[in-house]
Structure formats: C-alpha cells, structure tokens
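K.L.:
no sequence for this one, just the structure:
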C-alpha cells in the first residue's frame, strides 16, 4: 500500500540526520545550530510575514521587521516556557512579532487613527482567519513531510490512519494485523516527532487537499 502523499510548499524536505532526531526544534535553535535556524525560518517566516503585514507595516518594511523578530527570538528564546495550559511557541512568537511591529510603527511617525494607538487597542483575534489557517496548515504539512522519512512504513501508516484520517485505533489494528496498543504507540511516536519539529504540539494534523 502506498504511503499517503504530503504536499510541501517548498518542493523539498528539510533533512534531519539520524543523530539529531531526538533534538527538538527549540533546543536546536537555543544551541544556535544552523540546521535548527533553517528549519525555524522555513517553517515560520511565511506566517510571521502575514502577521506583520496585517498590523499595517508597509510591504517594503516587512522583511526588516521579520529580521528584528528573529533577532529577538535568538535573544529571548531561553526565557520561553510553557507554564500554562495552551502556551505555545507560536503564541509566544506572535507576541514578540506584535511588539516589534508596534515599535516599528512608532518609529515611522506620529500616532493617529489607524496608527499604533489603534493597533494597541485592537484585541487579538480569537481564531485565525482563512489565510492564517492556510499558512498554519502549510507549516504543519512541511513538518509532516520532514517526519515522514524518519519512520517505517507501518508506523507511518498507523499514524496516518489514526491521527490524520481519524480512524479508531481498534479498526486500524484490525486492518493492519497489529494490536490497538501498537497503533496508539505509532501515533504517539509521530506526534512527538512533530512536536519536536514544530517547537509545539500540533493541535490539528491537516493532510491538505492532495492527501
């Protein structure tokens, strides 16, 4: 049986050496390892630019603000903690980005209607809009593609059927001739690896329209 396809925004996957598979994305970045930074930039830059544009930063300034954000991440990541339920790296990055966008807009000129006074008083949206959801989906699909090559076919199939397609572990077990516990273990192993790659637990596994 063929392995389910996973579409990718970049047309390639970020290779992870076998000796690095236990190293999480955030640990790798904290250690200032080049591979970790490349993964972080590949995964989060599109979403970061979307946020920055949405806060009113001019198109020609978006990359400069994004660079400021990643510099702040390099300095502040050591202090990032998940102390409360629901804390995530993406949420922390969102807060850093918003602060940098505000600082940029303050430097650009006086406050006024539609300027930083307006931005500071606008509540953060409770849920992502359609474009942001699409970008988060791309982020997850890139992580799926990276993880895909690190597991045996049976492990990946059990994960895919249970986590992505939503089939009950008992049904997957009957289909594959294994125990439900083995299916749950396969699902857990891949989800744990996705957490390593994303820097946070995936809240939703979306295979994309081509899967």
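P.N.:
Looks like it arrived, so ask away. Just so you know, these numbers come straight off a predicted model, no measurement behind them.
K.L.:
Might one say that residue 40 is in contact with residue 32?
P.N.:
No. Residue 40 is not in contact with residue 32 according to C-beta atoms under 8 Å; the separation is 11.3 Å. No exception for glycine: its C-beta is placed from N, CA and C like everyone else's.
K.L.:
more crowded one of the two?
P.N.:
Set residue 40 next to residue 32 and count neighbours by other C-beta atoms under 10 Å: residue 40 wins out with 22 against 10.
K.L.:
where's the more buried one, which helix or strand?
P.N.:
Using DSSP states H and E, residue 40 maps to helix 34-54.
K.L.:
What lies in contact with the helix or strand just after that helix?
P.N.:
Later in the chain than helix 34-54, the nearest helix or strand by DSSP H and E is helix 62-76. The contact list for helix 62-76 (C-beta atoms under 8 Å, 6 or more residues apart in numbering) reads 29, 32, 40-41, 45, 48-49, 52-53, 57, 93, 96-97, 99-101, 103-104.
K.L.:
What residues of helix 62-76 count as buried?
P.N.:
The neighbour-count check on helix 62-76 (16 or more other C-beta atoms under 10 Å) flags 62, 65, 66, 68, 69, 70, 72, 73 as buried.
K.L.:
Now pLDDT and distance to residue 149 too, for the residues you listed, in JSON lines please.
P.N.:
Formatted as JSON lines, the buried residues of helix 62-76 follow (pLDDT from 0 to 100; distance: C-beta to C-beta, whole Å):
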{"residue": "62", "pLDDT": "94", "distance to residue 149": "33"}
{"residue": "65", "pLDDT": "95", "distance to residue 149": "34"}
{"residue": "66", "pLDDT": "95", "distance to residue 149": "29"}
{"residue": "68", "pLDDT": "94", "distance to residue 149": "34"}
{"residue": "69", "pLDDT": "95", "distance to residue 149": "30"}
{"residue": "70", "pLDDT": "94", "distance to residue 149": "27"}
{"residue": "72", "pLDDT": "93", "distance to residue 149": "32"}
{"residue": "73", "pLDDT": "92", "distance to residue 149": "27"}
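K.L.:
May I ask which helix or strand of this structure has the lowest mean pLDDT?
P.N.:
Lowest mean confidence among the helices and strands of the chain (mean pLDDT, DSSP states H and E): helix 116-121, at a mean of 51.
K.L.:
Packing partners of the next helix or strand after that helix?
P.N.:
Next in sequence after helix 116-121, counting helices and strands by DSSP H and E, comes helix 130-148. Contact partners of helix 130-148 among helices and strands, from 3 or more C-beta pairs under 8 Å, 6 or more residues apart in numbering; DSSP states H and E: helix 34-54, helix 180-198.
K.L.:
Sweet, I'm off.
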